[in-house]
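>>> need a 3D model of the following:
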Amino acid sequence: MDALQLVALVAASAAVAGLARRTPVPAPLLLVAVGLAASYVPGVPDYTLDPHIVLPLILPPLLYTAAVDSSYLDLRANIRPVALLSVGYVLFATVAVGWLAYVLVPDLPLTAALVLGAVIAPPDAVAATAIARKLGLPHRITTILQGESLVNDATAITAYKVALAAAVGEGVSWAGGLGEFALAAVGGIGVGLILMVPIHWLRTRLTEPLLQNTLSLLIPFVAYAAAEEVHASGVLAVVVVGLFLGHKAWKVDFATRLQEEAVWKMVAFVLESAVFALIGLQLPYVVRELDPYGIGEALWYAFGVFVLVVVVRFVWVFPATFLPRRLSARVREREPGVDWKAPVVVGWAGMRGVVSLAIAFSIPVVTDGVEFPARNLVLFLTFTTVIGTLVVQGLTLPPLIRALKLPGRDRYQETLAEAQAQSEASRAAQTRLDALLTDERNALPGPLADRLRTVLERRRNSVWERLGAVNDLTGETADDTYRRLSREMIEAEREVFVRLRDERRIDDEMMRTLLRRLDLEEAAAHREETD
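Got it, this is the predicted structure:
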């Protein structure tokens, strides 16, 4: 892939993802569909998925940004269901899907079938969590799906390595495989624990936001590479570091946080868009490599494996949801009660993604003179499973959620809790301000002191105003009107600065300084709205 092809891929995928925001179709599904269609357009080059790029260069930043945005406290509160899905389900699906595929597909060796099971075991919850947030699913379900996606890749990659060793005749035993899995997991967590404290210390000591954000961009790659160097799980190392830094992000200065959020949003948007487009673009390569199997026969196998993947997830999710509650009184006390609707959504939200394809493409044709059996078929079945789950489950998940009428997030209660928290914080700030102003060293002219109190009062009242009545003429709350009028005032000032620059009454450097002040005021006055 040359530079022009890479630029074309990023630009086209970003454009499609931007278009998806104006449609009811989730961006991952539209990107895959466009990729499938584009793969047979004359002149579109072959974009073969390279596992040596996806696993060490694309997976770490995606995992890191997801971990930083996750809540350590929420994950800890839901550790049991998250662990049952991210570890228990992946291992169960590896064995169950592998065995059933061995029974279903003639001439497919059991070892190759177990490799297939490991490859397609981990759901990629990027699409699922995006849909969950868009439709306002209960917070606990979103947390569980997000937590599953953070850890299950590590489980699947380790299971794949064990199954691959058995497939090429390296004589790996079950005990040896479990030992390798335990060492990879413990090692990955250990590397993350070792790295997270010095990295956080360095982040809090750097005073230049550009340096801090440069460090931020390097963190996932450093954590992943360090863990892989000692044959541990790079995925778990990245997740541990990301969760810790996200939990401690409040200790970093505000300029770094603002820049970091914008940078990582852009990085995640570009990578996710390109990754889902790449999935669709693999079709010609996968079909071309299908020999000696006929396409018709392979499609029947693909349909069977897709059904197995869907059924096996439900077979695990329902007992994993209700059996611990039945067996343990402590679980019943600590965790909220659930009905059958929540596990239906979690079970149906098992879409596969780019990690499965990257692992499949990494299967070697020959290892130490031993040819991997049925590699082309395993690759095809992985591709069709990824596409099938993304299209079938991805398109039907939103109507399923609406049909089940799950209780959504209570926006009123969330706003009320936000208002109460802001009120408590504002009282503390008022107390601190009054104490500081009594000190002669902090003496301020009356108007400036009043301005501090006005800003504090505005911050305290803004959330409460969102709970109040709306304007009958505009449909806006008082807070909405305040933001709009403030934006109009800032825009008027901005136009004057530009006019003065054009009239050569101020130079460009002064204009940029003045505009930056307005930008900071606008950022302070208008909080980012929820996507």
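
>>> alpha carbons only for contacts and neighbour counts from here, please
OK.

>>> where does the stretch 51-200 of the chain dip in pLDDT?
125-136, 169-177 (pLDDT under 70).

>>> quick one, helices of it?
Secondary structure of the stretch 51-200 of the chain (DSSP state H, counting those that start in this stretch): helices at 51-53, 59-69, 72-77, 79-83, 90-104, 110-119, 126-135, 139-167, 174-205.

>>> Thr415: which of those is closest?
With Cα to Cα, the closest approach to Thr415 among the helices of the stretch 51-200 of the chain belongs to helix 139-167: 14.7 Å.

>>> report the distance from that closest one to the chain centre.
Centre-to-centre, helix 139-167 and its host chain are 14 Å apart (Cα atoms, centre = their mean, to the nearest Å).

>>> list the buried residues in it.
By 16 or more other Cα atoms under 10 Å, the buried positions in helix 139-167 come out as 141-167.

>>> next one: stretch 13-32
Within stretch 13-32, the residues scored as buried using 16+ other Cα under 10 Å are 13-14, 16-17, 20, 25-32.

>>> can you verify Leu444 is assigned to a helix?
No. Assessed with DSSP: H, G, I helix; E, B strand; the rest coil, Leu444 is coil; it does not lie in a helix.

>>> list phi and psi for it.
With angles defined as degrees, to the nearest 10, Leu444 sits at phi -130, psi 150.

>>> swap in Leu406?
Main-chain torsions, Leu406, degrees, to the nearest 10: phi -60, psi 140.

>>> what sits against it?
Shown in contact with Leu406 (Cα atoms under 8 Å, 6 or more residues apart in numbering): Leu137, Pro138, Lys341, Ala342.

>>> cool, Ala11 as well?
Contacts for Ala11 (Cα under 8 Å, 6+ apart) come out as none.

>>> Three-state assignment for it, please.
Going by three-state DSSP: Ala11 is helix.

>>> separation between the residue sitting nearest the centre point of the chain and Val239?
Geometric centre of the chain, nearest residue: Ala66, 4.0 Å, by Cα atoms, centre = their mean. To Val239, Ala66 is 8 Å away according to Cα to Cα, to the nearest Å.

>>> again with Asp508
Plainly put, Asp508 is 44 Å away from Val239 if you go by Cα to Cα.

>>> would you mind telling me which of these two has the busier surroundings?
Neighbour count, other Cα atoms under 10 Å: between Asp508 and Val239, Val239 has more, with 29 against 15.

>>> just give the closest residue to that one, not the sequence neighbours.
Spatial nearest neighbour of Val239, excluding adjacent residues (Cα to Cα, 6 or more residues apart in numbering): Ala67 at 5.6 Å.

>>> please report the distance of that neighbour from Pro220.
From Ala67 to Pro220 the distance is 10 Å (Cα to Cα).

>>> kindly report the same for Asp107.
Using Cα to Cα, Asp107 is found at 41 Å from Pro220.

>>> which of these two has more neighbours?
Pro220 (28 against 10).

>>> now do the phi/psi pair for that one.
The phi/psi pair for Pro220 (degrees, to the nearest 10) is phi -60, psi -40.

>>> do the same with Arg505
According to degrees, to the nearest 10, Arg505 has phi -90, psi -20.

>>> tell me how far it lies from Met511.
Arg505 is 10 Å from Met511, by Cα to Cα.

>>> more neighbours: which of these two?
Between Arg505 and Met511, Met511 has the larger neighbour count (other Cα under 10 Å), namely 17 against 10.

>>> pLDDT-wise, which helix or strand of this structure ranks last?
The weakest-scoring helix or strand in the chain, judged by mean pLDDT, DSSP states H and E, is helix 126-135 (a mean of 63).

>>> and the nearest residue to Ser362 once chain neighbours are set aside, what does it touch?
In this structure, Ser362 finds its nearest non-sequential neighbour in Pro51, 5.6 Å apart by Cα to Cα, 6+ apart. Contacts of Pro51 were listed using Cα under 8 Å, 6+ apart, and they are Ala358, Ile359, Phe361, Ser362.

>>> at 10 Å what do you get?
Shown in contact with Pro51 (Cα atoms under 10 Å, 6 or more residues apart in numbering): Leu57, Ile58, Val354, Val355, Leu357, Ala358, Ile359, Ala360, Phe361, Ser362, Ile363.
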